[in-house]
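Student: Pasting the sequence and the predicted model now:
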Amino acid sequence: MFDQLSDRLQDALSGVRSRGKLTEADVDRAMREIRLALLEADVNFKVVKQFTSQVRERCLGAGVLDSLNPGQQVVKIVNEELSALMGGASREIAFAGSGPTVILMAGLQGSGKTTACAKLAKLLARDGKTAALVACDTQRPAAVEQLVTVGRRAGARVYERGTEPPPTEIAAWALEQARAAGDDVLIVDTAGRLHIDEELMAELAAIRKLIKPHDILLVLDAMTGQDAVNVAEAFTERVDFDGVLLTKLDGDARGGAALSVKAVTGKPILYASVGEKLDELERFHPERMAGRILGMGDVLSLIEKAEEVSDQSQAEELERKIRRQEFTLEDFLQQMRQVRRMGPLTNVLGLMPGMGKAMRQLRQVNMDERELDRLESIILSMTPAERSRPDLIDGSRRKRIARGSGTTVQAVNQLVKQFGQMRKLMAQMARGKMPDPQQLLRGM
Amino acid sequence: MAASWRDVFDLGDAERSASADREPPADERSGVFRRLRESLSASRQALQSELGATLFERLDAEAWERLEEALILADVGARTTADVVGRLESEVEAGSLAGPEAVRERLVELLAEVAATDDARIDLRRRPAVIMVVGVNGTGKTTTIGKLAWHLAREFELSVIVAAADTYRAAAIEQLETWADRAGAEIVRGEPGGDPGAVVFDAIAAAESRDADVVIADTAGRLHTHTNLMRELAKVRGVAAKRLEGAPHESLIVIDATTGQNGLRQAQVFAEAVDLTGVVLTKLDGTAKGGIALAIASELGLPVKLIGVGEGLEDLRPFDPRQFATALIGE
């Protein structure tokens, strides 16, 4: 589904980009696609509306449509507005002048607070800060045990007093302990709570009042939908958080919720969790997120980098080869490497210049980075002659290539076969015919 | 209509369900409805403010757009929204719906139709019946299992064994243990970091030797993008199938109602790995509308079987499509 969306978007933008002359209707069409892409990425509806109307206004503003290169202007505006919405440069948390810096973690149930506490401690330890944790989630069964375990794994001290005392008392007690122990940072884990749960929200506000944290982080699941805005608004009102820690970004959710939260509350996203391991928490990079949300940063950077990376004559040569079905495995390898340099992408193949969506439909299997490595090693195990004329590859060559690349004959077969299909398809596309992808897939 | 627990389980054994055969008292029934309505009331208000009081009175282009916006705000997703609104629009144009009330009523009906796929019952005909519970991290798998075990024990007097096959997350076993205690269920556990398949294997064996009725297997939360973890899950399922023919008889994915459009991907990928039979939609007591469940039902044909509307043991409920749609749109 997401692939299709980013395809739609690519179509819309490339349609706009390549045109020497743009009408209002062209811009409107592109805005509709962007609107859909944002909605499918879970960007809040109201944010989407505002965004597209703002972009549209700028596009129709003075000088854009009559400029020398209106298409590129539109793409630039979209890019700029999106980055602005995500919140410019990354930010740091605020550290206390003296005594422990207190960080309060808050969020809905299941957003990943407990794990995030340990990950944050580990990240801070890399900067030479000793971070301790305190277990104030007295609600969820075994939450204290979980924090103790992950805290130990992260090498952080964990303060806990079971589930009997009220969380406020535990927090205040731990702060005393942390002061005495000379911890640089105290990270306070709290129970997950619904933003409409009066009692628990009041409790959170009470903890805040009592221990006066330097930073309050809202822990937000990257997979959250339209409701993220309500959640963020409620938490802002009750505890006025300082920033967002975005979890589960290692999934394939677009994370539009994060953008919405930023747009509505103005609070920046500070950290992003990108894996299950305790060291997989990163400082957040807004510009990467913008690209992820539209599935479009890649497109934009390709559009921009097409001019930078590959020079004009090279691109023309490539196009000529594609048209004549002279595109070789060597060219394929070069292209693959070039695009892989642009970033870690699972959809990297589909974004290669001139290949677009049909290429991606060919590649039905989830193409992870390791599979790309495998493809590379297969091609690298071929002789130059084999790379330019795959039809040379007979049974014994296949065996040799499979051995050389540490793969199987079937894998080599598959690559050669798919490459043949792809070459045909690309030639068709270059001649302006869109082949029926279903038919192609059946042919495989 | 699966409004009561009795309707949602297919016990295939009349005597067993005898104790649950009584109609729930009227006040309990209306209590359930009220509770669901209350818990969905925040979303109801939100949607009603989107829809506006007079939406169905003048159905112009703007009204249709407002309706679309409201459904999208409920996380129903662009495609399913377009389907539903498109159908309603064409019926209105054909003149088959007279008056604003009929239009509203038909909208509820259409949404309920989308939500209700063929069989939303939970198959417990086998002894032991094995239920496997899967999902991404933090959706409420362990909690759901605790509540489900409690209901099975209380409403149907079934003996339940829970299998602590989440050997990955710290303290997941302890968490399930607490729930098992509350529910009066037995627990079969392995070592932290141990083989989850072995735990499920042991739990089924224990159920057979102790003549237990139901095995509910907890599994570690995993993001569907981690292919190795999805393979592991398929393997756990394979172990169950090998140990007991036809097991697991139910594979339920737990989806958090706050989940956005990614929920569709989750359901899709988990279905490929473990052949899902249904969805449990949790955390409906917030302001999230859980519209993603409609998208999943509509696009994947996967029925919602249970919903979670609160933290209490009794807050896991059978899913009723009509009730859900009504609560979503308002009366």
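Tutor: On my side now, so go ahead.
Student: C-alpha only now, for contacts and for neighbours.
Tutor: Fine.
Student: which residue ranges form the helices in chain B?
Tutor: For chain B, applying DSSP state H gives helices covering B:5-8, B:26-39, B:41-51, B:61-73, B:78-93, B:99-115, B:141-156, B:172-183, B:196-210, B:227-243, B:262-274, B:292-300, B:321-329.
Student: and the angle from the last one to helix B:292-300?
Tutor: Helix B:321-329 and helix B:292-300 are oriented at 130 degrees to each other (axes from the mean of the first three to the mean of the last three C-alpha atoms, to 10 degrees).
Student: in the stretch 1-150 of chain B, what residue is nearest chain A?
Tutor: B:Gly138 (3.7 Å; C-alpha to the nearest C-alpha).
Student: Could you report the neighbour count for that residue?
Tutor: 21 (other C-alpha atoms under 10 Å in any protein chain shown).
Student: low-confidence ranges in chain A?
Tutor: Within chain A, the set of residues satisfying pLDDT under 70 comprises A:1-21, A:62, A:67-72, A:87-90, A:287-288, A:290-316, A:338-369, A:429-444.
Student: that older thread, need the helices of chain B in CSV with mean neighbour count, distance to A:Gln177 and mean pLDDT, can you?
Tutor: Output for these, formatted as CSV (neighbours: other C-alpha atoms under 10 Å in any protein chain shown; distance: least, C-alpha to C-alpha, whole Å; pLDDT from 0 to 100):
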stretch, mean neighbour count, distance to A:Gln177, mean pLDDT
helix B:5-8, 19, 50, 80
helix B:26-39, 15, 41, 54
helix B:41-51, 19, 41, 57
helix B:61-73, 19, 46, 88
helix B:78-93, 16, 52, 92
helix B:99-115, 19, 53, 89
helix B:141-156, 22, 33, 94
helix B:172-183, 21, 27, 94
helix B:196-210, 21, 39, 97
helix B:227-243, 17, 40, 96
helix B:262-274, 21, 42, 95
helix B:292-300, 23, 45, 92
helix B:321-329, 22, 49, 85
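Student: Export those as CSV, with columns for distance to chain A.
Tutor: Listed next are the helices of chain B as CSV, based on distance: least, C-alpha to the nearest C-alpha, whole Å:
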stretch, distance to chain A
helix B:5-8, 26
helix B:26-39, 10
helix B:41-51, 9
helix B:61-73, 6
helix B:78-93, 7
helix B:99-115, 19
helix B:141-156, 9
helix B:172-183, 5
helix B:196-210, 18
helix B:227-243, 9
helix B:262-274, 5
helix B:292-300, 9
helix B:321-329, 14
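Student: Minimum distance to A:Lys46: which of these has it?
Tutor: helix B:61-73 (9.0 Å; C-alpha to C-alpha).
Student: Using PDB, list the CA coordinates for that closest one.
Tutor: Output in PDB follows, covering the C-alpha atoms of helix B:61-73 (Å, rounded to 0.1, in the frame of the first residue of the first chain):
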ATOM      1  CA  ALA B  61     -20.100  17.900  -2.100                       C
ATOM      2  CA  GLU B  62     -19.000  19.600   1.100                       C
ATOM      3  CA  ALA B  63     -21.000  17.300   3.200                       C
ATOM      4  CA  TRP B  64     -19.500  14.200   1.600                       C
ATOM      5  CA  GLU B  65     -16.100  15.600   2.100                       C
ATOM      6  CA  ARG B  66     -16.800  16.300   5.800                       C
ATOM      7  CA  LEU B  67     -18.000  12.700   6.200                       C
ATOM      8  CA  GLU B  68     -14.800  11.400   4.600                       C
ATOM      9  CA  GLU B  69     -12.700  13.600   6.800                       C
ATOM     10  CA  ALA B  70     -14.500  12.300   9.900                       C
ATOM     11  CA  LEU B  71     -13.900   8.700   9.000                       C
ATOM     12  CA  ILE B  72     -10.300   9.400   8.200                       C
ATOM     13  CA  LEU B  73      -9.900  11.000  11.600                       C
END
